[in-house]
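Visitor: need the 3D shape of this:
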Amino acid sequence: MQVLVTIPDELAAHVQARGLTPEGFVNKLLEEAIQAASKSPDTSARNMEAFFKVMTANSADLPPLPDEAFTRSSFYQGR
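Guide: Numbers count the residues shown, from 1 in each chain. Below is the predicted model of the structure:
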């Protein structure tokens, strides 16, 4: 696959000062991103797990609610 990228002159100069070509720099970034993505688990799953841990952290003292509390009609009482 071929990808065309426009690199700003300032970035190209900075990359060349480090001894790389702009193409080599972009290739290196892509390789690092691919490696990182293949090594780490799905971030959305980790984010959901963290969300639920925070939500339930202090829930031990909450009273249990009956199933009727979560019916559609209970949400729209008085309407």
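
Visitor: could you give the number of residues near residue 22?
Guide: The local packing count at residue 22 equals 16, with neighbours defined by other CB atoms under 10 Å. Just so you know, the C-beta spots here come from the backbone N, C-alpha and C atoms, and that holds for glycine as well.

Visitor: quick one: buried residues of the helix or strand where residue 23 lies?
Guide: Per DSSP states H and E: residue 23 is located in helix 22-39. For helix 22-39, the neighbour count (16 or more other CB atoms under 10 Å) marks 22, 25, 26 as buried.

Visitor: closest to residue 50 out of the residues you listed?
Guide: Comparing the buried residues of helix 22-39 against residue 50 with CB to CB places residue 26 closest, at 32.3 Å.

Visitor: so what's the closest one up against?
Guide: Counting by CB atoms under 8 Å, 6 or more residues apart in numbering, residue 26 makes contact with 5, 7.

Visitor: how much space separates it from residue 37?
Guide: Per CB to CB, to the nearest Å, residue 26 is found 16 Å from residue 37.

Visitor: chain center to stretch 20-40: distance?
Guide: 18 Å (CA atoms, centre = their mean, to the nearest Å).

Visitor: and the helices in this protein?
Guide: Ranges of helices in the chain, per DSSP state H, are 9-17, 22-39, 43-56, 72-75.

Visitor: can you say which of the ones you listed is nearest to residue 65?
Guide: Closest approach to residue 65 among the helices of the chain (CB to CB): helix 72-75, 9.8 Å.

Visitor: from the chain's centroid, how far away is the closest one?
Guide: Worked out by CA atoms, centre = their mean, helix 72-75 lies 34 Å from the chain centre.

Visitor: okay, angle between the helix holding residue 23 and helix 43-56 too, please.
Guide: Interaxial angle of helix 22-39 relative to helix 43-56 (axes from the mean of the first three to the mean of the last three CA atoms, to 10 degrees): 50 degrees.

Visitor: please save the CA atoms from helix 22-39 in PDB.
Guide: The C-alpha trace of helix 22-39 is given here as PDB (Å, rounded to 0.1, in the frame of the first residue of the first chain):
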ATOM      1  CA  PRO A  22      11.000  12.200   6.200                       C
ATOM      2  CA  GLU A  23       9.900   8.900   4.600                       C
ATOM      3  CA  GLY A  24      11.900   6.900   7.100                       C
ATOM      4  CA  PHE A  25      10.600   8.900  10.000                       C
ATOM      5  CA  VAL A  26       7.000   8.300   8.900                       C
ATOM      6  CA  ASN A  27       7.700   4.600   8.400                       C
ATOM      7  CA  LYS A  28       9.200   4.400  11.900                       C
ATOM      8  CA  LEU A  29       6.200   6.100  13.400                       C
ATOM      9  CA  LEU A  30       3.800   3.700  11.700                       C
ATOM     10  CA  GLU A  31       5.800   0.700  12.700                       C
ATOM     11  CA  GLU A  32       5.800   1.800  16.400                       C
ATOM     12  CA  ALA A  33       2.000   2.500  16.300                       C
ATOM     13  CA  ILE A  34       1.400  -1.000  14.800                       C
ATOM     14  CA  GLN A  35       3.600  -2.700  17.400                       C
ATOM     15  CA  ALA A  36       1.900  -0.800  20.200                       C
ATOM     16  CA  ALA A  37      -1.600  -1.600  18.900                       C
ATOM     17  CA  SER A  38      -0.800  -5.300  18.600                       C
ATOM     18  CA  LYS A  39       0.700  -5.500  22.100                       C
END
